[in-house]
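> Quick check, what structure comes out for this input:
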Amino acid sequence: MGIWSSAKKLDKAVLVHQLRFANSYIQRPKQLISSQQCLTYSRLTAVLQLRSTKNICRFYCTADNQYGAKGAVQINSDEDQEEKEGNMDTSEMETQSESSRSKRKNTAMRNTIRNFLMNHKLSFELGHTHFIANCHAAQSSPQTGKKNLYINYNTGSFVCTTCHHYGEWSSLRRKVLSDAKCTDLKTSECFQDKEESERVGNYCDHGMDFTENKEPITSMYEEEFTAMTHLYHCQGLKPETFARHGVMYTTDDNNLPTLHLPYVNPDQRTVGMRTMFLQHAVKPPEQDSVVGREEGEEGHMFDVVKSFQPRIGFQQLFGWHGYQANVKKYDKVVITSSEFDAMAITQETDMLGLSVPKGTELPLECLHSLEHVKHIIIWLGANDATRATSKLFAKKLAGKNRCSIVRPEIVKVSGPLDALQKKKKLKEILKESVPVDLDNIVGFDRLTSEVYAEFANVEQVTGVKWRRFAQMNNLLRGLRPGELTLFTGTTGCGKTTFLGEYSLDLCMQGVNTLWGSFEINNIRMAKMLLKQFAVKSFEDSLEDFTPWANRFKELPLYFMTFHGQEDFEIVKETLIRAVYTNDVQHIILDNLQFMIGTGYDSNFNKFDIQDHIIGELRKFATNFNCHVTLVIHPRKENIDQEITISSIYGSAKATQEADNVLILQTRRLSAATAKKYIQVVKNRFDGTTGTMMLKFDKESLTFSGVKSSKKKSKEKVAERTEEDVIEEKKLNYKVVVDMDGVDEKRLPDDLFNM
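Numbering: from 1, shown residues only. Sure, this is the predicted structure:
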C-alpha cells in the first residue's frame with residue numbers, strides 16, 4: 001500500500017517535502033503525520049484542487065507548530081515583482097467554488113494591470129470593463145483630449161484606437177517595456193507595422209473603395225425598394241433608415257440587389273463593411289428520420305449570404321451612425337443579433353440599435369466602444385440558444401445594474417424586426433426587459449417572471465432541439481446549458497464521428513461550439529465536419545469546396561489546439577477563457593483519458609485523478625452555464641457484449657455527477673455487418689431513456705440518415721417504375737389528329753409490351 005493510499009485509508013495527510021520562505025529552502029522527508037497536526041486526506045484533496053491557478057505553483061503542508069498546519073502558497077516570480085509567499089487557511093480552501101476562484105483570478109489580473117500602469121507612469125481611468133489610458137505613442141503626439149488605449153480587466157487584452165490594433169496583454173506589456181527604454185518618446189510608434197497601419201487608416205479615414213460604383217438606397221424607385229425589402233425579408237424598414245445608416249447597393253449579373261452596410265465607430269470613422277447578396281437557396285438535405293421539419297415560406301427562393309471587409313484590425317458593432325452628434329441622447333443602447341434588427345430599434349425608438357458582427361458572439365474588441373454607455377438592453381431573438389447567450393453577454397458587459405434582457409417568451413416576438421412587422425410597439429416591449437441578476441442569493445420575487453416563463457414555454461425550457469436527430473429530441477428533449485453529458489462506446493465504433501454531426505447540428509442553429517479533440521488533429525477534424533456539413537465528399541468535386549467552405553466559416557465553431565496528453569489545469573483555463581471570449585455554450589472533450597497522467601504527483605491513484613477531473617467539469621458546467629460533453633472509454637469487455645452504465649471506466653462518481661449518459665452501441669449481425677444505435681441510459685431532466693437507431697453514410701460520414709446529393713439522384717433513378725416509363729413515353733409521343741377529327745395516329749404497339 002502506497003503513502004497516498006495509506007493516507008486515504010487512515011484519513012491522515014502526507015507531509016510534502018519542500019518549503020520556500022525568505023529565499024531559503026527547508027528540506028523535509030515525506031512521512032505520515034497525525035491529522036491533528038496537519039491536513040486530513042479530505043482537506044488535502046481540496047487544497048490540491050487549487051493548483052489550477054496560474055500564479056500558484058504548489059501547495060504545501062507542514063507538521064511544524066510554527067505554521068499551525070496551514071497550506072503554504074508559493075507564488076511564481078514575475079519580471080516586475082518580487083516573489084511573495086503567504087498562508088491560506090484550509091477551511092477557506094475547502095469552500096472555494098469554481099466561480100469564486102475565477103473571480104479572484106480576475107481580481108489578481110486587474111491588480112497586476114493597475115500596478116503595471118502605475119509603475120510605468122501611464123495615467124488611466126476606470127471604465128465598466130476596461131482601464132482607459134494613453135500609450136506612450138499617443139502621449140508623444142498632440143493631445144486630443146481622448147485616451148486611446150483600452151485594457152480589459154479580466155484578460156488584459158487591449159484595443160488601440162489610434163492604430164486600430166487588438167492584441168493580448170503580453171504584447172502590450174512588451175511594448176510598454178520597450179518604450180520605457182526610449183530616451184525620446186517621440187520615436188515611439190504604435191503597435192502595427194506602417195504598411196498595415198496606413199492601409200487601415202486610409203480605409204477608416206476616407207472609406208476607400210466604399211462608395212465606388214455604388215448607389216444610395218434612396219435612389220431606388222418605390223417598386224424597386226419594395227422588391228428589395230421582400231428579397232431580404234426586411235419589410236417595415238423605411239428608406240430614410242437605410243439612408244441614415246449609409247446603406248448603398250449594387251446590382252449583380254442577374255439584376256439582383258447587393259447591399260453594402262458600412263460599420264462605423266462612435267467617432268463616425270468607417271472601420272468595415274458588411275456585404276449582403278442573394279444566392280439561390282440550397283434545398284435542405286432530405287432525411288428519413290426527421291419528422292415535421294419546417295419548410296421555408298413560399299417565395300423565399302434565395303439565401304442571404306453575408307461577408308465582412310476588411311478582415312484586419314479589430315471588429316466593431318453596427319449601428320453607431322449619428323451617435324457623435326447625440327452622445328447625451330443615446331445613453332441607452334439595444335444590442336441585437338442582426339443589422340436589420342438594429343435598424344428597426346433606431347427607427348422606432350429613441351434608443352440606438354446596435355448589432356454584433358456575429359449573432360451569437362460579442363467579441364472582446366467591441367467592448368471598448370460601450371464604455372460610455374450607461375444602460376444596455378440585450379435583445380437577441382427567440383432562438384433556444386439566445387437565452388444563455390444573453391446572460392453571457394451581460395456578464396461580459398459587467399451587467400449588474402447596467403444590463404437588462406428582453407425575454408422573447410414573455411413579449412411573444414422573436415426580435416425587433418419581427419415586432420415591427422407584426423405592428424408591435426417596440427418602446428413598450430423594451431420597457432418589459434428584465435434586469436440581469438448576477439447576485440449569488442436571490443428571492444422568489446426576482447424569479448417570478450422566469451418561473452412563469454418556464455411554465456408558459458415548456459418547449460423552450462427543454463433546450464435547443466436537434467434537426468438531424470429527431471428521435472434524440474424525444475429522449476433528451478434538447479441540449480440545455482449547465483449540464484454534463486458522458487458519452488461512451490467501444491474503441492473504433494465511431495464516437496468522434498457521431499459527436500461531430502451531433503454537435504454540428506446544434507452549431508448550425510447558433511450554439512457556439514468548442515471542440516477539444518486530443519486524438520485527432522484539427523485539420524482532419526475540420527475536414528470531417530465539413531463533409532458532414534455539406535453532406536458530401538469533395539474528392540470528385542473540388543469546384544464545390546470554396547462555396548461550402550465559405551458557408552462553413554460562418555458557423556460559431558472553434559477548436560482547441562491541444563493534441564495528445566495534456567494537463568487538465570491548462571485545459572480548464574482554456575475552457576474558462578473560451579466561455580468569456582467566444583461566448584461558448586457547448587464544449588466537447590474527446591477524451592477524458594488524455595487529461596489523466598500529467599500534472600499530478602505519482603502518488604495519486606488514477607481513479608482519484610479521474611474523479612477530480614469529472615468533479616471540476618461538473619462545477620465548470622454549472623458555474624459557467626455551459627454544456628460539457630465528455631467522451632470516456634468503457635472497460636475492456638467482450639466485443640460482442642453490449643455496454644451498460646456500469647461498464648464506464650473508473651468509479652461510480654462519473655455517472656453520479658453526469659446529467660446525461662449516452663452509449664454508442666454496436667450490435668453485430670454477422671462478421672461483416674453491424675447495427676449501431678444510441679442508448680440513453682441516464683437523463684436527469686425528466687428521466688426518459690431509450691434508444692435511437694443510426695444509419696451511417698460512408699461518403700458524408702453522417703449517422704443521421706441524411707442523403708448525399710449523389711446518392712439521392714441514383715435512388716431517384718432506381719425508384720422509377722414501369723408506369724413512370726410509360727407516362728414519360730406518352731408525353732414524348734405527340735398524338736396528331738387530322739383536320740376532320742376522324743383519323744388519329746395510334747400509339748406504338750410496343751408501348752405496353754414492356
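> What residues does residue 215 make contact with?
Counting by C-beta atoms under 8 Å, 6 or more residues apart in numbering, residue 215 touches 248, 249, 250. For every residue, glycine as well, the C-beta is placed using N, CA and C.
> Using neighbour counts, trim the residues you listed to the buried set.
Among those, those buried by neighbour count (16 or more other C-beta atoms under 10 Å) are 248, 249.
> now the contacts of residue 215 in a markdown table, with secondary structure and distance to residue 485?
Formatted as a markdown table, the contacts of residue 215 follow (DSSP: H, G, I helix; E, B strand; the rest coil; distance: C-beta to C-beta, whole Å):
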| residue | secondary structure | distance to residue 485 |
| --- | --- | --- |
| 248 | strand | 47 |
| 249 | strand | 46 |
| 250 | strand | 47 |
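> Save the contacts of residue 215 as a markdown table, and put in pLDDT too.
Converted to a markdown table, the contacts of residue 215 look like this (pLDDT from 0 to 100):
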| residue | pLDDT |
| --- | --- |
| 248 | 93 |
| 249 | 94 |
| 250 | 92 |
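> which SSE is residue 571 in?
According to DSSP states H and E, residue 571 maps onto helix 568-582.
> Paired strands for the helix or strand following that helix, with orientation please.
Counting by DSSP H and E, the next helix or strand C-terminal to helix 568-582 is strand 586-590. Counting by DSSP bridges, the strands paired with strand 586-590 are strand 513-517 (parallel), strand 627-631 (parallel).
> contacting residues around strand 586-590?
Strand 586-590 is contacted from outside by 479, 495-496, 499, 503, 506-507, 511-520, 571, 575, 578, 595, 617, 626-631, using C-beta under 8 Å, 6+ apart.
> ok so, going back, return the set of buried residues in the helix holding residue 571.
Neighbour counts over helix 568-582 (16+ other C-beta under 10 Å) mark 568-569, 571-576, 578-582 as buried.
> what comes into contact with that helix?
For helix 568-582, the external contacting residues (C-beta under 8 Å, 6+ apart) are 51-52, 54, 102, 154-155, 361, 364, 392, 395-396, 512, 514, 516, 556, 558, 560, 562, 584, 587, 589, 595-596, 598-599, 613, 616, 620, 624, 626.
> again with stretch 388-403
By C-beta under 8 Å, 6+ apart, stretch 388-403 touches 128-129, 335, 360, 362, 364, 367, 370, 374-378, 380, 405, 435-439, 481, 510, 512, 579-580, 583, 585, 625.
> could you redo the last one with a cut-off of 7 Å?
The contact list for stretch 388-403 (C-beta atoms under 7 Å, 6 or more residues apart in numbering) reads 128-129, 335, 360, 362, 367, 370, 375-376, 378, 380, 405, 436, 438, 481, 580, 583, 585, 625.
> Just the helices from the stretch 551-700 of the chain, written as ranges.
Applying DSSP state H, counting those that start in this stretch to the stretch 551-700 of the chain gives helices spanning 568-582, 606-623, 653-657.
> closest to residue 107 among the contacts of residue 215?
residue 248 (46.9 Å; C-beta to C-beta).
> what's around the residue nearest to that closest one when sequence neighbours are not counted, how many residues?
Leaving aside its sequence neighbours, residue 248 sits nearest to residue 214 (C-beta to C-beta, 6 or more residues apart in numbering; 4.0 Å). Neighbourhood size, residue 214 [other C-beta atoms under 10 Å]: 14.
> cool, and residue 584?
Burial of residue 584 is recorded as 24 neighbouring residues (other C-beta under 10 Å).
> Give me the below-cutoff pLDDT ranges for the stretch 651-754 of the chain.
Residues of the stretch 651-754 of the chain meeting the criterion pLDDT under 70: 651, 671-672, 707-754.
> okay, the contacts of residue 215 in a markdown table with distance to residue 646 next?
Rendered in a markdown table, the data for the contacts of residue 215 read as follows (distance: C-beta to C-beta, whole Å):
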| residue | distance to residue 646 |
| --- | --- |
| 248 | 65 |
| 249 | 64 |
| 250 | 64 |
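> Surely residue 150 is in contact with residue 157?
No. The criterion here is C-beta atoms under 7 Å, and residue 150 misses it with residue 157 at 9.2 Å.
> Compare these two (neighbour count), which wins?
It is residue 150, of residue 150 and residue 157, that has more neighbours when counted by other C-beta under 10 Å, with 24 against 21.
> who are the neighbours in contact with the more buried one?
130, 132, 158, 159, 368.
> give me phi/psi at it?
Backbone geometry at residue 150, expressed as degrees, to the nearest 10, gives phi -120, psi 120.
> try residue 416
Torsion angles, degrees, to the nearest 10, at residue 416: phi -60, psi -40.
> just for the stretch 51-200 of the chain, where's the confidence low?
Ranges of the stretch 51-200 of the chain meeting pLDDT under 70: 51-105, 136-145, 183-200.
> Now do stretch 258-265: everything it contacts.
210, 214, 232, 245-252, 270-277, 316, 318, 320-321, 339, 369.
> I'd like to know how far the residue nearest to residue 248 sits from residue 264.
Using C-beta to C-beta, to the nearest Å, residue 214 is found at 16 Å from residue 264.
> How about residue 596?
Using C-beta to C-beta, residue 596 is found at 51 Å from residue 264.
> Could you do residue 564 as well?
Per C-beta to C-beta, residue 564 is found 46 Å from residue 264.
> Looking at those two, which is more packed in?
Neighbour totals were compared for residue 564 and residue 264, and residue 264 leads with 24 against 9 (other C-beta under 10 Å).
> List the backbone torsions phi and psi for the more buried one.
Main-chain torsions, residue 264, degrees, to the nearest 10: phi -120, psi 160.
> cool, and residue 231?
Note on residue 231: its backbone torsions stand at phi -70, psi -40 [degrees, to the nearest 10].
> What count of nearby residues applies to it?
Around residue 231 there are 17 other residues, counting by other C-beta under 10 Å.
> Tell me if I'm right that it and residue 277 touch.
No. With contact defined as C-beta under 7 Å, residue 231 does not reach residue 277; the gap is 10.4 Å.
> Do you know the pLDDT at the residue lying closest to residue 408 once chain neighbours are set aside?
Of all residues not flanking residue 408 in the chain, residue 382 sits nearest, at 3.8 Å (C-beta to C-beta, 6+ apart). For residue 382, the pLDDT comes out at 70.
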